[in-house]
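*Asks:* what's the 3D shape of this:
(one chain, ligands or ions: 1)
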Amino acid sequence: MSFYLVTGGAGFIGSHLVEELLRRGQRVRAVDNLSTGKRANLDSAIEAASLSQSGNGPAVEFVQGDLADLEVAHAAVAGVDYVLHQAAQPSVPRSVDDPIGANRANVQATVNVLVAARDAKVRRLVFAGSSSVYGDQPELPKHEEMSTRPQSPYALQKLIGEQYLRLFTELYGLETVTTRYFNVFGPRQDPSSPYSGVISLFIKAVSEGRAPTVHGNGEQTRDFTFVANVVDGVLRAVEAPGVAGDVINVATGARISLKELLGTITRILGSSVEPIYGPTRAGDVRDSQAAIGKAERLLGYRPTVPFEEGLRRTIAWAQQGAHAQR
Ligand code: UD1
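*Replies:* Got it, this is the predicted structure:
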């Protein structure tokens with residue numbers, strides 16, 4: 001059994017990592033400042049872990065704290081073998097509105113976690129990178145050897161994060177890997193803020209019979225990746241040999257337009273709601289699609305849950321939640 005720190009552990013992707021690690025019998029500490037995460041995201045994982053506990057102390061602990069504070073980062077990393085650094089301010093438009101707040105969450109906290117991980121001599125740190133670092137270059141699919149061209153504070157901050165990782169590998173010998181995510185979606189992605197991911201917002205609007213808003217003409221494309229695929233890719237990146245200091249796309253390798261996305265959601269929900277079209281959002285990238293050959297080669301990764309299956313599971317979860325609130 002190994003001991004894992006999942007930063008952002010009460011968040012959308014972080015809580016899925018915690019759940020899977022516990023399912024695999026690992027020990028986990030989840031740290032979160034609850035800025036976008038929710039303590040309730042960990043309820044089912046913690047309950048399942050305490051039921052199966054063998055008497056060696058709790059398999060999971062939750063710490064509320066802000067990693068932009070170095071002391072919190074040191075305490076969070078103490079004693080762990082691996083760090084999965086998922087804590088972030090994850091919204092492109094929110095970073096355009098508040099670049100300083102986003103920098104604190106995405107850069108300051110990342111440097112603190114790296115320093116703490118170096119000092120604690122952890123075995124490996126895996127970082128939640130972002131496909132937004134590629135920017136609006138016309139070449140598709142986006143592969144790791146391409147140059148980067150961030151076009152939002154968020155994208156730049158994620159690029160700074162991954163370059164810090166590479167530097168810490170070269171300077172201090174800390175093993176690091178960046179997994180670049182492409183529009184992850186799934187259960188527990190919170191639709192309650194205007195900064196939320198588009199799939200969660202569209203599902204909520206269509207379920208409630210409201211018109212979703214499309215920013216731009218809806219022809220923009222994304223490599224929408226169901227969260228279970230990302231969990232699999234990240235946990236492979238923890239163990240794969242020969243990847244220290246590297247950057248690897250974790251996605252599906254396909255792209256779907258917002259119009260197609262909305263068409264699939266309305267079809268599954270049996271709705272005929274039409275969207276409202278608004279202006280293109282500042283900082284938006286037009287097309288995004290991953291090359292996943294490097295992940296296949298180095299991590300033995302292959303997406304296992306296809307887009308529509310993931311969408312059906314996400315819609316089922318959203319409907320359960322709406323039911324529970326009635
Ligand atoms: C998303 C992630 C980001 C990740 C990046 C990787 C979220 C919140 N952001 O950014 O963390 O690093 O993918 O590529 O998950 N849109 C609408 N209507 C809406 C909301 C959005 O039309 O109500 C459009 C946006 O303008 C954009 C697309 O949908 O063109 C996707 O937006 P969003 O879900 O916010 O994700 P990204 O900005 O691609």
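*Asks:* From the rest of the structure, what touches stretch 250-260?
*Replies:* Under the criterion Cβ atoms under 8 Å, 6 or more residues apart in numbering, residues 131, 140-141, 179-183, 198, 214, 216, 218-226, 229-230, 233-234, 237, 287-292, 295, 301, 303, 306-307 lie in contact with stretch 250-260. Quick note: C-beta positions are derived from backbone N, CA and C, even for glycine.
*Asks:* Show me what counts as buried in that stretch.
*Replies:* Applying a neighbour-count criterion of 16 or more other Cβ atoms under 10 Å, one finds Val250, Ala251, Thr252, Gly253, Ala254, Arg255, Ile256, Leu258 buried in stretch 250-260.
*Asks:* which one is the third one nearest to, not counting chain neighbours?
*Replies:* Right, the one you point to is Thr252. Using Cβ to Cβ, 6 or more residues apart in numbering and skipping the chain neighbours, the partner closest in space to Thr252 is Pro303 (4.6 Å).
*Asks:* Residues of the protein that sit close to the ligand?
*Replies:* 90-92, 130-132, 181-183, 196-198, 201, 213-215, 220, 222, 258, 281, 284, 288 (Cβ under 6 Å from any ligand atom).
*Asks:* could you pull out the helices for this structure?
*Replies:* Ranges of helices in the chain, per DSSP state H, are 12-23, 43-51, 70-77, 92-97, 99-103, 109-119, 153-172, 198-207, 227-239, 258-269, 293-299, 307-325.
*Asks:* Pick out the shakiest of the ones you listed, pLDDT-wise.
*Replies:* When the helices of the chain are ranked by mean pLDDT, helix 43-51 comes last with a mean of 84.
*Asks:* Report the angle between that one and helix 12-23.
*Replies:* Comparing the axes of helix 43-51 and helix 12-23 via axes from the mean of the first three to the mean of the last three Cα atoms, to 10 degrees yields an angle of 20 degrees.
*Asks:* Could you list every helix and strand in contact with helix 43-51?
*Replies:* The contact analysis (3 or more Cβ pairs under 8 Å, 6 or more residues apart in numbering; DSSP states H and E) places helix 43-51 against helix 12-23, strand 60-64.
*Asks:* mind listing what's buried in the longest one?
*Replies:* For helix 12-23, the neighbour count (16+ other Cβ under 10 Å) marks Phe12, Ile13, Gly14, Ser15, His16, Leu17, Val18, Glu19, Glu20, Leu21, Leu22 as buried.
*Asks:* and the closest residue to the first one other than its chain neighbours, what is it in contact with?
*Replies:* Taking Cβ to Cβ, 6+ apart, and ignoring the residues beside it in sequence, Phe12 has Gln189 as its nearest neighbour in space, at 4.6 Å. The contact partners of Gln189, by Cβ under 8 Å, 6+ apart, come to Phe12, Ser196, Gly197, Ile199, Ser200, Val227, Thr314.
*Asks:* What's the local residue count around the third one?
*Replies:* Spelled out, that is Gly197. By other Cβ atoms under 10 Å, 20 other residues sit near Gly197.
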